[in-house]
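Engineer: Structural data only, the sequence is not supplied:
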């Protein structure tokens, strides 16, 4: 208790002294006693050996305001998708939606449906005969307007059609019927088996023109094909090419785990690893740590796809990578000292400031690096100031 009281007194004295240094009194002298220069005083002319100061360089473009100029920034729009994989590198496009499948994401495509009319003047951006104001998916064609979970976002562009908090890409039974999707012969439950159904997902777009036949937010061209036979697993009658059709095969992927207990039914996953315990094995899970950053993107970001908090600062990778915490937070998912939550409760509050004050003055072997927020070798006023500057910032719920 005595140490805490002493630290608070020391902090108060330090604050007052800092105020005294920068305050200026009405008589033209600052409180440190140095007179302000008078109107007759002139700055000395530079001598012949002095050089004129260089002009301040023009700042380079920094579209996402993260301190890294575009071109040097691996994720220029901070949407969690590395630039090389981003269909809109300079415009937020986390879901990577591309309604006309032209390689340019809807977020930056001036003509989403490629009909020759710019979206700004087009009342039907995806050309599905539904006016944008009434369309559940403005940029993804879905004339039938299916919306399984009734969230006003059509299944064609909804990454979680059934609202179960599991992305469609990883959901083993998206339509919640008696059959897992891999064994389901009628994806849209319309009574017509998929092999004779011209519109497997019931979105009103013929499968021959639909870039995503089953509305799982994975383009047909990118669907998984375990046995590399050219037939997507969700349409392949024999996923492992062992001569036994899946409906009679107790182990579709030949990984030693029977289908009824296999967390990746069509993908070999012998150890049944499931880092986020979401019942979808890591071998077929697009997001192993359930931090809402896709594993394929985390490699480009440098974050750990098996951990939702790569720098262990009590703020998960997604809000840091996407700069969701506020203007005072640097938000680097790989740097543990930029979110100043020293007590690890995911919010910067009074207790964090108190801990910094208690540790004030510590250095060397007697210092816990956790409290040295500016990494200069000792806990001082600047460390406390950093925590105070982020007071109230929170990662809770992000």
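Structural biologist: In hand now; what should we look at? Just so we're clear, the structure is a prediction, and the values are computed from it rather than from any experiment.

Engineer: can you list the weak-confidence ranges in the stretch 51-200 of the chain?
Structural biologist: Across the stretch 51-200 of the chain, the ranges flagged by pLDDT under 70 are 51-71, 174, 182-183.

Engineer: My guess is residue 311 contacts residue 331. True?
Structural biologist: No. Between residue 311 and residue 331 there is no contact under C-beta atoms under 8 Å: 10.7 Å. Bear in mind the C-beta positions are built from the backbone N, C-alpha and C, glycine included.

Engineer: Need the overlap of contacts for those two.
Structural biologist: residue 320 (C-beta atoms under 8 Å, 6 or more residues apart in numbering).

Engineer: ok, now which ones touch residue 303?
Structural biologist: Contacts for residue 303 (C-beta under 8 Å, 6+ apart) come out as 293, 310, 317, 321, 333, 334.

Engineer: Spell out the residue ranges of the helices in the stretch 251-398 of the chain.
Structural biologist: Secondary structure of the stretch 251-398 of the chain (DSSP state H, counting those that start in this stretch): helices at 295-301, 317-321, 350-358, 381-389.

Engineer: okay, those helices, which one's buried deepest?
Structural biologist: Of all these, helix 317-321 has the most neighbours on average by mean count of other C-beta atoms under 10 Å, namely a mean of 25.

Engineer: avg pLDDT for that one?
Structural biologist: Per-residue pLDDT values across helix 317-321 average out to 94.

Engineer: If we ignore the residues flanking it in sequence, what's nearest residue 376?
Structural biologist: Computed as C-beta to C-beta, 6 or more residues apart in numbering, the closest residue to residue 376 that is not its neighbour in sequence is residue 382, at 7.5 Å.

Engineer: Isn't that neighbour up against residue 371?
Structural biologist: No. Under the criterion of C-beta under 8 Å, residue 382 makes no contact with residue 371, lying 11.7 Å away.

Engineer: is it true that residue 167 lies in a helix?
Structural biologist: No. Secondary structure of residue 167 (DSSP: H, G, I helix; E, B strand; the rest coil): coil, not part of a helix.

Engineer: That one is in contact with residue 218, isn't it?
Structural biologist: No. Using C-beta under 8 Å, residue 167 is not in contact with residue 218, being 9.8 Å away.

Engineer: Comparing the two, which residue is more hemmed in?
Structural biologist: Set residue 167 next to residue 218 and count neighbours by other C-beta atoms under 10 Å: residue 167 wins out with 23 against 18.

Engineer: which residues touch the more buried one?
Structural biologist: Residue 167 sits next to 159, 160, 217, 286, 287 when contact means C-beta under 8 Å, 6+ apart.

Engineer: Which one of the residues you listed sits in the busiest neighbourhood?
Structural biologist: Scoring the contacts of residue 167 on neighbours with other C-beta under 10 Å, the highest-scoring entry is residue 287 at 25 neighbours.

Engineer: coming back round to it: tabulate the contacts of residue 167 in CSV, adding columns for distance to residue 93.
Structural biologist: Listed next are the contacts of residue 167 as CSV, based on distance: C-beta to C-beta, whole Å:
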residue, distance to residue 93
159, 13
160, 18
217, 13
286, 17
287, 17
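
Engineer: Show me which of these is closest to residue 279.
Structural biologist: Residue 279 lies nearest to residue 287 out of the contacts of residue 167, by C-beta to C-beta, at 13.1 Å.

Engineer: Could I get the pLDDT score of that closest one?
Structural biologist: Value for residue 287, per-residue pLDDT: 94.

Engineer: from memory it sits against residue 297, does it?
Structural biologist: No. Look at residue 287 against residue 297 with C-beta under 8 Å: they stay out of range, at 9.4 Å.

Engineer: For stretch 227-247, buried residues please.
Structural biologist: Across stretch 227-247, burial judged by 16 or more other C-beta atoms under 10 Å covers 227, 232, 233, 234, 235, 236, 238, 239, 240, 246.
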